[in-house]
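Enquirer: build the 3D model from these lines:
(one chain, ligands or ions: 2)
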Amino acid sequence: MTITSIPHAAALTPGERATLDALCDCLFPPGEATPGAVAIGASAYIDQALAGPYGGFLEEYRTVLHCLDVAAGGRFTGGDSQLPLVDALERNTLPGLLSNPDRSSFDLLIRHLREGLFSDPVHGGNRDFAGWKAVGFPGAQFGYREEEQQVDHRVDRAPQSLAGLSQDARLPGLPKTTPRAKIPAHPDILIVGGGAVGNFMAAKFVAAGLEVVILEAGPSRTGRERSMDELLATAFRNEGGVSKFNDEVPTWRTGPNDRARRAVMSQGLETALGGNSVAWGAVAMRFYEDDFRIRSATVEKYGESRIPAGSTLADWPMSYGDLEPFYEEAEDLLGVSGHAGNREHPERSRGNPFEAPRSNPYPMPALRTSGLGQLFADSARAEGYHPFPLPAAIATTAWKGRHACTYCSFCSRFGCHVDAKASAQNTVLPAALESGRLHILTSARAMEIVTDESGRAVGIRYLDEDGQTQFQPGGTVIVAAYAFENSRLLLLSRDKRHRRGLGNETGQVGAHYMTRQQPSVYAIFEGRTLNRFIGPTAQAMAIGDLSGDHFDHSDLDFIRGGRIAAFNQYLPTEASGVLPPDVPRWGKAWRDFFLSSYNSTSMLFIDPEILPYENNRLDLDPNVKDRLGRPVIRITFDIGDNERKLMQFLQDRAERIAIGMGATRTWRRQFLTGPISTHDVGGTRMGNDPQSSVTNGFGEVHDTPGLVVLGGSSFVSLPPVNPALTILALALRAADNIIGQSSKANRSGRGARA
Ligand SMILES: Cc1cc2nc3c(=O)[nH]c(=O)nc-3n(C[C@H](O)[C@H](O)[C@H](O)COP(=O)(O)OP(=O)(O)OC[C@H]3O[C@@H](n4cnc5c(N)ncnc54)[C@H](O)[C@@H]3O)c2cc1C
Ligand code: SF4
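Expert: Numbers count the residues shown, from 1 in each chain. Ligands and ions are numbered 1, 2, ... in the order given. Predicted structure coming up:
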């Protein structure tokens, strides 16, 4: 296992370090039964990180420490003024602090402190597992038994560091890439982005005999890197690990007349082979049947007036039936576990009774139900709902060379140490590479789609690993670089026929952007032990009763709905920032709250349906550029009145379920939870009408022959379901279409490249 740990050196002078120590012990003070931040090693961690990966923050730290010393009249290390000064630091009113419109110095510091308290000791903090012992988290365990997931079971394990873990050498190694000199000059298919879409499409093309080149901006990897490492998989990734994406983080404003600022992203996006098929949580759920004709279904039942003002809601250019075979194919390739719903007899269903018709059961049975999931299911059932386990692309039995899930604690955002969670690397890539017809060029960052005199896409201009500009031709050019980059590449690629960008003749590129909001409800079960740190995120019980139009909206003032679910995975660094409104972010009150509630806190996750609106879109930021001088994407996004009303409705219902589960305290997240969510969709909408869409239902760009764009950017609407399975089904259907065209072309003697 590769571990990039922090070097054991220090950046601060002894005087600065003494001030940092004093500050850290104010933020997380020693208690009667628990050591404080210094004894846990959090300040040592920060000092070491400043000498390594956080070196870019050193001057900011020096400024903070200096300001504290000056404000304390010399030295901050003692005296009564400490707490008021930390208070001023938090309120950003301490004289001399650096100004940053995106976050305060305190925000940075408290995040680093939490990392030093609760991340794996391999990084220099959490000395002797003291942080983990304080909250009862056993760390990097290979997996857990079913009984350990029961509520009120006391998990009695000695904490373990990821430093001691090893991996099964029989799992697939590093995917083979092709050096630039050996990349075919004229492949049938050229794909930008070696993520979920790129690899699954490529596998299908090579199986049909086509030659494929993938240009991937990041490096190759097995997909098991950073497994079980909360720090590297989250904080570092967001802060600097994913260099390309972090360099081009979109800006965000809520209205077209506002100035945009750097968007805060909760998860970060992967720039490496496999894309987000490695980091994902693997919830693999189909859309509902009427999700593909929301507009018509709404108008038929409730009338045109119920379409929210300003919404660009439309039907999809295909039906659920058109996509069903490709859902099947995607589920089989991924190895999805789940229980099928029983529509005729919902009372007998172990699955989701609202589920659309399926040709076959899931390839494997569902993940087991945790104690917390059972609590949720019992309470939801008492409310009249139909709880079901979320389907997941996680093996529950040995499956095509992958191990079954061990129910460890590190799933969504992490590589899986046993390959139970599907990624491109452990599903489609080995056979596709084996064919000899797939060539992956890594460190190849697409800059522009190139067209010929006739306006047809003929290749990609990209930067190679030495920063040199290269041109790669391709028969059909497919852009599959995630929602933001899909729109950005189209807008940045211009020729004399496409002066506003490819696909943008009617100004549709970037339009209809939607992103998931998660206005969830938190719940504390005082005195109970939930053991929610065990098991994958996807090991969740959910209800579909309040999604779509599964309940009557005649007397309601909104349309559509959302999903409520109780997810697993609750890791201490992240959890230490989850606080009710009356608990401060630092000090004794924070410490006491977190230590006593970590293993008693749950969240009822709400995924509301988000509709498209005229004002919500992506475009190129006129003011902010990346390191290469190219404009970043600017997001204009706010939630509509319809969504506000349905979120209120869902929060009320979720709170009732939580109370039925025995919650002693609940609180609600705000409605607008940010403009980037990992469910970022729209921007290159599919449709039959070029006036209101960029591509047809196969991802073919209306105004640019030879160019196909696919991903969440193709979505027409954002139902309350995780997007990747539908993204893959659309991609596999589009691949079928291209293969069909190329064999027709071959039959007529024109060859695949015609
Ligand atoms: C933490 C996390 C959890 C998630 N959980 C779930 C879940 O449970 N269920 C679900 O359905 N979805 C989930 N998702 C979303 C899901 O992973 C994505 O929807 C899916 O991966 C999208 O596939 P894609 O191929 O469009 O993009 P990606 O998989 O992101 O692939 C894009 C690829 O393009 C490359 N690239 C980008 N720009 C360029 C360029 N200019 N040149 C060359 N290459 C480029 C990137 O390096 C990357 O490899 C999650 C995502 C994250 C981050
Ligand atoms: S699928 Fe997730 S929970 Fe299961 S073993 Fe893999 S990383 Fe751990």
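Enquirer: CA atoms for contacts and neighbours, from now on please.
Expert: OK.
Enquirer: which residues of the stretch 401-550 of the chain lie near ligand 1?
Expert: Contacts of the stretch 401-550 of the chain with ligand 1, taken as C-alpha under 6 Å from any ligand atom, map to 412, 413, 444, 445, 446, 447, 480, 481, 482, 485.
Enquirer: surely the first one touches residue 281?
Expert: Yes - if you go by C-alpha atoms under 8 Å, residue 412 and residue 281 touch, sitting 3.9 Å apart.
Enquirer: just the residues of the stretch 401-550 of the chain next to ligand 1: which are in strands?
Expert: 445, 446, 447 (DSSP state E).
Enquirer: averaging pLDDT per element, find the lowest-scoring helix or strand in this structure.
Expert: Lowest on mean pLDDT, DSSP states H and E among the helices and strands of the chain sits helix 236, with a mean of 66.
Enquirer: tell me the buried residues in the helix or strand hosting residue 594?
Expert: Secondary structure from DSSP states H and E places residue 594 in helix 587-597. By 16 or more other C-alpha atoms under 10 Å, the buried positions in helix 587-597 come out as 587, 588, 590, 591, 594, 595, 597.
Enquirer: residues making contact with it?
Expert: The contact list for helix 587-597 (C-alpha atoms under 8 Å, 6 or more residues apart in numbering) reads 26, 27, 28, 29, 134, 135, 524, 526, 576, 583, 584.
Enquirer: give me the pLDDT for residue 449.
Expert: pLDDT recorded at residue 449 is 98.
Enquirer: surely it is in contact with residue 470?
Expert: No - the pair residue 449 and residue 470 does not pass the contact test of C-alpha under 8 Å, sitting 11.9 Å apart.
Enquirer: what's the overlap in contacts for these two?
Expert: Here residue 449 and residue 470 share the contacting residues residue 461, scored by C-alpha under 8 Å, 6+ apart.
Enquirer: more crowded one of those two?
Expert: residue 449 (28 against 15; other C-alpha atoms under 10 Å).
Enquirer: quick one: residues contacting that one.
Expert: With C-alpha under 8 Å, 6+ apart, residue 449 has these contacts: 457, 458, 459, 460, 461, 489, 490, 493.
Enquirer: of those, buried ones?
Expert: Counted by 16+ other C-alpha under 10 Å, the contacts of residue 449 give 457, 458, 459, 460, 461, 489, 490, 493 as buried.
Enquirer: where's the spatially closest residue to the first one that is not a sequence neighbour relative to residue 473, distance?
Expert: Same thing as residue 457. Once flanking residues are discounted, residue 457 sits nearest to residue 451: 4.2 Å by C-alpha to C-alpha, 6 or more residues apart in numbering. Distance of residue 451 to residue 473, computed by C-alpha to C-alpha, to the nearest Å: 10 Å.
Enquirer: likewise for residue 250?
Expert: 29 Å.
Enquirer: more neighbours, those two?
Expert: Legend: neighbour count by other C-alpha under 10 Å for residue 250 and residue 473, higher for residue 250 (28 against 21).
Enquirer: helix, strand, or coil at the residue lying closest to the more buried one once chain neighbours are set aside?
Expert: Among residues not flanking residue 250 along the chain, residue 633 sits closest, at 4.7 Å (C-alpha to C-alpha, 6+ apart). Under the three-state scheme (DSSP: H, G, I helix; E, B strand; the rest coil), residue 633 adopts strand.
Enquirer: which element, helix or strand, includes the most centrally placed residue in the chain?
Expert: Nearest to the mean C-alpha position of the chain, counting by C-alpha atoms, centre = their mean, stands residue 678 at 3.6 Å. Following DSSP H and E, there is no helix or strand that holds residue 678.
Enquirer: quick revisit: so what sits against both of residue 412 and residue 281?
Expert: Counting by C-alpha under 8 Å, 6+ apart, the residues touching both residue 412 and residue 281 are 536, 537.
Enquirer: neighbour-wise, which of the two wins?
Expert: The neighbour count for residue 412 versus residue 281, taken as other C-alpha under 10 Å, is higher for residue 281 (24 against 21).
Enquirer: report whether stretch 371-390 contacts ligand 2.
Expert: No - residues of stretch 371-390 contacting ligand 2 under C-alpha under 6 Å from any ligand atom: none, with a closest distance of 13.7 Å.
Enquirer: can you tell me the distance between the two ends of that stretch?
Expert: 15 Å.
Enquirer: same question for stretch 180-187.
Expert: Distance between the boundary residues of stretch 180-187 (C-alpha to C-alpha) amounts to 13 Å.
Enquirer: centre of the chain to that stretch, how far?
Expert: Centre-to-centre, stretch 180-187 and its host chain are 33 Å apart (C-alpha atoms, centre = their mean, to the nearest Å).
Enquirer: and it, what's buried?
Expert: Neighbour counts over stretch 180-187 (16+ other C-alpha under 10 Å) mark 180, 183, 184, 186, 187 as buried.
Enquirer: residue 413 contacts residue 234, doesn't it?
Expert: Yes - using C-alpha under 8 Å, residue 413 is in contact with residue 234, at 6.9 Å.
Enquirer: in PDB, list the C-alpha atoms belonging to the lengthiest helix in the chain.
Expert: Scanning the chain for the longest helix, with DSSP state H as the assignment, gives helix 724-747. Provided in PDB are the C-alpha atoms of helix 724-747 (Å, rounded to 0.1, in the frame of the first residue of the first chain):
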ATOM      1  CA  ALA A 724     -23.700   7.200 -11.900                       C
ATOM      2  CA  LEU A 725     -25.800   4.100 -12.900                       C
ATOM      3  CA  THR A 726     -27.900   6.300 -15.200                       C
ATOM      4  CA  ILE A 727     -24.800   8.000 -16.500                       C
ATOM      5  CA  LEU A 728     -23.300   4.600 -17.300                       C
ATOM      6  CA  ALA A 729     -26.600   3.300 -18.900                       C
ATOM      7  CA  LEU A 730     -26.700   6.400 -21.200                       C
ATOM      8  CA  ALA A 731     -23.000   5.900 -22.000                       C
ATOM      9  CA  LEU A 732     -23.500   2.200 -22.900                       C
ATOM     10  CA  ARG A 733     -26.500   3.000 -25.000                       C
ATOM     11  CA  ALA A 734     -24.500   5.700 -26.800                       C
ATOM     12  CA  ALA A 735     -21.600   3.300 -27.400                       C
ATOM     13  CA  ASP A 736     -24.100   0.800 -28.900                       C
ATOM     14  CA  ASN A 737     -25.200   3.600 -31.300                       C
ATOM     15  CA  ILE A 738     -21.600   4.400 -32.300                       C
ATOM     16  CA  ILE A 739     -20.800   0.700 -32.900                       C
ATOM     17  CA  GLY A 740     -24.000   0.400 -34.900                       C
ATOM     18  CA  GLN A 741     -23.000   3.300 -37.100                       C
ATOM     19  CA  SER A 742     -19.500   2.100 -37.500                       C
ATOM     20  CA  SER A 743     -20.600  -1.400 -38.600                       C
ATOM     21  CA  LYS A 744     -23.100   0.300 -41.100                       C
ATOM     22  CA  ALA A 745     -20.200   2.400 -42.300                       C
ATOM     23  CA  ASN A 746     -18.000  -0.700 -42.700                       C
ATOM     24  CA  ARG A 747     -20.700  -2.500 -44.600                       C
END
